[in-house]
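> Okay, here's the prediction I keep looking at, along with the sequence it came from:
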Amino acid sequence: MPVNSLLKKVLGIALVVVKSARFEGGSLIISVRPRKSRLCRCHECGRKCPVYDCPPEPRRWRSLDLGGAMVFLEYALPRVECPEHGVHAAGVPWAHHASRFTCDFEDQVAWLCVHCSRSTVAQLMRIDWKSVGGICKRVYDRLDAEAGNRFDGLVRIGVDETSYKKGRKYMTVVVDHDTGRVVWCAKGHGKAVLDSFFSLLTDEQRASVRVVTADGARWIADVVAARCPNAERVMDPFHVVQWMTDLLDDLRKDAWREAVKAERAAAKDAPKRGRGRPRKGEEKPESAAKAVKGSRYALLKNPEDLTAGQRASLEKVARENKALYRAYLLKEDLRDVYKSPDLETARARLEKWLASACRSRNEKVRELSKKVRRHKGAILRSVELGISNARIEAINNKIKLTVRMGYGFRNIDNLIALVMLRCSNLPISLPGRC
Ligand SMILES: [Zn+2]
């Protein structure tokens, strides 16, 4: 088989003619051109157009590596003059018109983004993490166009706001509770943003939505009532548990501040010790403030996910900081409400929780108990409808993890594309596999 035909087979790109290949600084440069039938096409409409001009230097596209060598496709890309779309670079069958990577390369990067960490993707594919954002956007746009309408058959959906850029900016995410995938994601939050989601749905699609879960925000209720009259608005279990989790973290910070204050006061009164390392047998006293500070994940994580160290840290809190441990038990009891096998058990558990929370010595806990009591009906309704907290928690954590992974993307649309690729189960095909 001639080398050029062999290379064409290895590249796996249709409608391409391989002209020559050479090595340049450890990289394999393959000179190609589209087949005659694909030459000088407008990338917008695909129409054959007259050539406007030819560049002095050929353009290069990064392709998948061959063994250890980086591979680049090279082609002197002409500009064409389309009667409808004006003068612009011609389209090529191996890459998106705005990309310097081949489609196969982009598919592989997108697949890796879904399954691996960002450092693995950047190291394995030998690209800068910042270029991954644009790749995700292009692959997502293509897959989304092929996937058809993802808003068909929505019955139970959840609306949530997720922060990014260290909590300074927000995006609105809509989740399908029945499939556990993200169906829509957009920049910003508020009435107008949620309204734009419902505008994308047809009348039948809006009519099929029966349940919308969200946090207690009134604006969500207003939009849902106006756009989805058939839907019932229910309290999102995840947010109820989060109220308690946030409060627990506040209490932990308070406990830490108090411990630091006490330690400083004790250090003032204690006799001064000389310079240098402590003598043999002279142990440094264990810092209570440090122990409280280190207990953050032990307190906030679900008990079934704790590591051995975190379990020890939790036992220490139970021994030494009774008030904080009581708040921890309240958090777990609130989670148990959502694990109830039936409505009656849930009602009994919630009543028990409210009774112990409203008797708490801490004012913040008493305030939260009032808030939960206000939403009691909506909380029990979500249990009755069988909306699983575990599933919502899992998808929320996945979104948060993805947002953290996309740190460094300058463009918010690229971050949204990454969230959609990772959380909406779009099928990304790997090159050379059907
Ligand atoms: Zn055109």
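Ah, there it is.
> Can you give the domain ranges for this structure?
As assigned by automatic domain parsing, the chain contains the domains 3-100, 108-234+411-434, 237-260+294-384.
> Make JSON lines from those and add distance to Val403 and mean neighbour count to it.
Using the backbone N, CA and C atoms, a C-beta is placed for each residue, glycine as well. What follows is those, written out as JSON lines (distance: least, CB to CB, whole Å; neighbours: other CB atoms under 10 Å):
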{"stretch": "domain 3-100", "distance to Val403": "24", "mean neighbour count": "15"}
{"stretch": "domain 108-234+411-434", "distance to Val403": "5", "mean neighbour count": "17"}
{"stretch": "domain 237-260+294-384", "distance to Val403": "16", "mean neighbour count": "16"}
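> So which of those domains is nearest Leu401?
domain 108-234+411-434 (8.4 Å; CB to CB).
> pLDDT averaged over the closest one - what is it?
Throughout domain 108-234+411-434, pLDDT has a mean value of 87.
> same thing with stretch 241-248?
Averaged over stretch 241-248, pLDDT sits at 88.
> contacting residues around that stretch?
299-300, 324, 327-328, 330-331, 334-335, 338, 364-365, 368, 371-372, 389, 393 (CB atoms under 8 Å, 6 or more residues apart in numbering).
> Please narrow the residues you listed to those residing in helices.
299-300, 324, 327-328, 330-331, 334-335, 338, 364-365, 368, 371-372, 389, 393 (DSSP state H).
> So Val17: helix, strand or coil?
strand (DSSP: H, G, I helix; E, B strand; the rest coil).
> Report the contact partners of the nearest residue to it once chain neighbours are set aside.
Excluding its sequence neighbours, the residue lying closest to Val17 (CB to CB, 6 or more residues apart in numbering) is Arg33, at 5.4 Å. Counting by CB under 8 Å, 6+ apart, Arg33 touches Val16, Val17, Lys19, Leu39, Tyr75.
> Next up, the contacts around the last one.
Listed by CB under 8 Å, 6+ apart, the contact partners of Tyr75 are Ser31, Val32, Arg33, Pro34, Pro58, Arg59, Trp61, Val92.
> Redo those residues as a markdown table? Include pLDDT, secondary structure and distance to Tyr140.
Output for those, formatted as a markdown table (pLDDT from 0 to 100; DSSP: H, G, I helix; E, B strand; the rest coil; distance: CB to CB, whole Å):
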| residue | pLDDT | secondary structure | distance to Tyr140 |
| --- | --- | --- | --- |
| Ser31 | 93 | strand | 31 |
| Val32 | 92 | strand | 27 |
| Arg33 | 92 | strand | 29 |
| Pro34 | 92 | strand | 25 |
| Pro58 | 93 | coil | 29 |
| Arg59 | 94 | strand | 24 |
| Trp61 | 95 | strand | 20 |
| Val92 | 93 | strand | 21 |
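> Name the nearest of those residues relative to the ion.
Val92 (14.7 Å; CB to the ion).
> For the closest one, list each beta-bridge partner.
Taking DSSP bridges as the rule, Val92 bridges to Ala95.
> and the gap between it and Ser20?
From Val92 across to Ser20, the span is 17 Å (CB to CB, to the nearest Å).
> Make sure Ala21 is indeed in a strand.
Yes. Judged by three-state DSSP, Ala21 forms part of a strand.
> residue boundaries of the strands in the chain?
Secondary structure of the chain by DSSP state E: the strands cover 16-24, 27-34, 41-42, 51-53, 59-66, 69-75, 79-82, 86-91, 156-164, 169-176, 181-187, 211-214, 232-235.
> For Thr120, find the nearest of these.
Across the strands of the chain, closest to Thr120 is strand 59-66 (CB to CB), at 15.2 Å.
> Where does the prediction get shaky in the stretch 251-400 of the chain?
Low-confidence segments of the stretch 251-400 of the chain (pLDDT under 70): 273-274, 278, 281-286, 389-390.
> again, only using 90
Regions of the stretch 251-400 of the chain meeting the criterion pLDDT under 90 cover residues 251-328, 330-332, 334-344, 346, 356-365, 368, 371-372, 374-400.
> In it, what residue comes closest to the ion?
For the stretch 251-400 of the chain, the residue closest to the ion is Ile399, as judged by CB to the ion, at 37.9 Å.
> Share the number of residues neighbouring that residue, please.
20 (other CB atoms under 10 Å).
> Could you do Arg404 as well?
Arg404 has 10 neighbours, counted by other CB under 10 Å.
> pLDDT score assigned to it?
85.
> Return the distance of it relative to Ser163.
Distance of Arg404 to Ser163, computed by CB to CB: 11 Å.
> who's in contact with Ser131?
Here Ser131 is in contact with Phe101 (criterion: CB under 8 Å, 6+ apart).
> Mind doing that once more with 10 Å?
Contacts for Ser131 were tallied using CB atoms under 10 Å, 6 or more residues apart in numbering; they are Arg62, Ser99, Arg100, Phe101, Val109, Ala122, Met125.
> how far away is it from the ion?
27 Å (CB to the ion, to the nearest Å).
> Which residue, other than its chain neighbours, is closest to Asn414?
According to CB to CB, 6+ apart, the nearest residue to Asn414 is Gly133 (3.2 Å).
> residue in the stretch 301-434 of the chain nearest to the ion?
Asp413 (23.8 Å).
> Give me the nearest residue to that residue, chain neighbours excluded.
Closest to Asp413 by CB to CB, 6+ apart is Lys137, at 5.9 Å.
> The residue of the stretch 251-400 of the chain closest to the ion contacts Gly180, correct?
No. With contact defined as CB atoms under 10 Å, Ile399 does not count as touching Gly180 (11.7 Å).
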